[in-house]
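Asker: this one's sequence-less:
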């Protein structure tokens, strides 16, 4: 089963992220979409739903940002757009993040797909005029 949303106003994102969090079978979220489609903005909304108390910003140059929640748990936000090779990904110790019980949100996951677990939430974002289409699917490659 997929979830489909058509969004015009950014103010609707919090309702959508709540629905996706309730729908998901995983704590790993892969966000696909062209530059400027709103992936980072969407992750900010997820972080708000998860009670993140830190400022959420794109980790374009740092590759990963860690945010703390009110409950003192961690949420990790990755951006692999500027990653040049797999060694950079291994150097940050991606396994410790991705295979943890913490929520992880990944922008540009196509760069590291072969390094990821077989269970995750796939989120595809598309621009359609002044609207954004968001398609969400629970993926489990073991089934």
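Answerer: Now that the structure is in, tell me what you want to look at. Just so you know, these numbers come straight off a predicted model, no measurement behind them.
Asker: From here on, just use CA atoms for contacts and neighbour counts.
Answerer: OK.
Asker: So which residues of this protein form strands?
Answerer: 2-7, 28-32, 64-68, 74-79, 103-107, 119-128, 131-140 (DSSP state E).
Asker: Can you add distance to residue 39 and mean neighbour count and give these back as CSV?
Answerer: Below are those laid out as CSV (distance: least, CA to CA, whole Å; neighbours: other CA atoms under 10 Å):
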stretch, distance to residue 39, mean neighbour count
strand 2-7, 13, 14
strand 28-32, 7, 23
strand 64-68, 15, 18
strand 74-79, 10, 22
strand 103-107, 7, 23
strand 119-128, 8, 18
strand 131-140, 10, 17
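Asker: Would you reformat these as CSV and include mean pLDDT?
Answerer: Converted to CSV, these look like this (pLDDT from 0 to 100):
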stretch, mean pLDDT
strand 2-7, 93
strand 28-32, 97
strand 64-68, 95
strand 74-79, 95
strand 103-107, 96
strand 119-128, 95
strand 131-140, 94
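Asker: Switch those over to JSON lines; also include distance to residue 113.
Answerer: Shown next, in JSON lines, are the strands of the chain (distance: least, CA to CA, whole Å):
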{"stretch": "strand 2-7", "distance to residue 113": "20"}
{"stretch": "strand 28-32", "distance to residue 113": "10"}
{"stretch": "strand 64-68", "distance to residue 113": "16"}
{"stretch": "strand 74-79", "distance to residue 113": "13"}
{"stretch": "strand 103-107", "distance to residue 113": "11"}
{"stretch": "strand 119-128", "distance to residue 113": "11"}
{"stretch": "strand 131-140", "distance to residue 113": "13"}
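Asker: Compare the ones you listed and report which one is nearest to residue 43.
Answerer: Nearest of these to residue 43, taken as CA to CA: strand 103-107 at 7.0 Å.
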